[in-house]
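*Asks:* no sequence on this one, just coordinates:
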């Protein structure tokens with residue numbers, strides 16, 4: 001069998017399940033999400049103007065004055081809740097092929113940007129903090145959607161849906177539930193059967209909205225599902 005024939009067989013038999021729609025770009029979060037991401041919310045001065053901003057959790061204290069990327073920051077207070085009447089929203093912005101998590105405090109039409117950080121770096125640090133090791137292992141690229149990849153063993157001819165073992169069917173079923181909660185998703189599964197030692201051979205690519213993975217409940221479910229597929 002030549003490469004052309006192999007790729008055709010794999011493309012025809014790789015199972016694709018999609019939750020239609022566009023990846024969610026913005027989501028409202030609770031104050032405790034900032035802590036989960038490893039960030040403190042600070043009231044202080046940025047470039048001489050009073051505003052809100054974030055810093056690495058526990059790194060700054062009241063009275064600190066420091067400079068980052070040519071901008072001076074002064075810490076007046078480390079906040080333990082959102083400012084009155086303000087809500088926290090975050091979204092993904094793409095710049096030159098790189099995804100950034102942008103966080104804003106919002107009151108009506110008034111938006112205050114409090115963070116703009118590379119989404120991939122923040123995701124990985126957040127996964128590490130919460131011991132979501134299967135997500136760390138599977139993460140491949142981050143845009144508006146994040147691709148998670150898990151692969152075991154050598155490739156071959158993928159099984160049709162009717163011949164999938166229970167572990168593969170369970171993965172697809174549980175992944176669909178997470179996608180429904182996240183509002184978008186795409187799973188591509190090629191299951192190649194077992195090797196001579198009885199170990200499963202497969203390749204799965206799973207797309208989920210990046211912003212949804214910053215919700216701890218969704219991230220924990222995705223990690224658990226990936227862990228169970230082996």
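*Replies:* Here it is on my side, so go on. Everything numeric here is computed off the predicted structure, so don't read it as measured data.

*Asks:* make it CA atoms for all contacts and neighbour counts henceforth
*Replies:* Fine.

*Asks:* where does the closest residue in space to residue 58 that isn't next to it in sequence land in three-state SS?
*Replies:* Nearest non-adjacent residue to residue 58, counting by C-alpha to C-alpha, 6 or more residues apart in numbering: residue 40, 7.1 Å away. Assigned with DSSP: H, G, I helix; E, B strand; the rest coil, residue 40 falls in the strand class.

*Asks:* for residue 106, same thing?
*Replies:* Secondary structure, three-state DSSP: residue 106 is strand.

*Asks:* can I assume residue 72 sits in a helix?
*Replies:* No - using three-state DSSP, the assignment for residue 72 is strand, not a helix.

*Asks:* what's it in contact with, if anything?
*Replies:* 45-48, 65-66 (C-alpha atoms under 8 Å, 6 or more residues apart in numbering).

*Asks:* And it, what's its pLDDT?
*Replies:* What the model reports as pLDDT for residue 72 is 96.

*Asks:* how near is it to residue 54?
*Replies:* 13 Å (C-alpha to C-alpha, to the nearest Å).

*Asks:* ok, now residue 187?
*Replies:* Distance from residue 187 to residue 54, counting by C-alpha to C-alpha: 35 Å.

*Asks:* Also residue 110?
*Replies:* 18 Å.

*Asks:* Residue 150 now?
*Replies:* For residue 150 relative to residue 54 (C-alpha to C-alpha), the value is 34 Å.

*Asks:* How about residue 186?
*Replies:* Residue 186 is 33 Å from residue 54, by C-alpha to C-alpha.

*Asks:* same deal with residue 130?
*Replies:* From residue 130 to residue 54 the distance is 20 Å (C-alpha to C-alpha).
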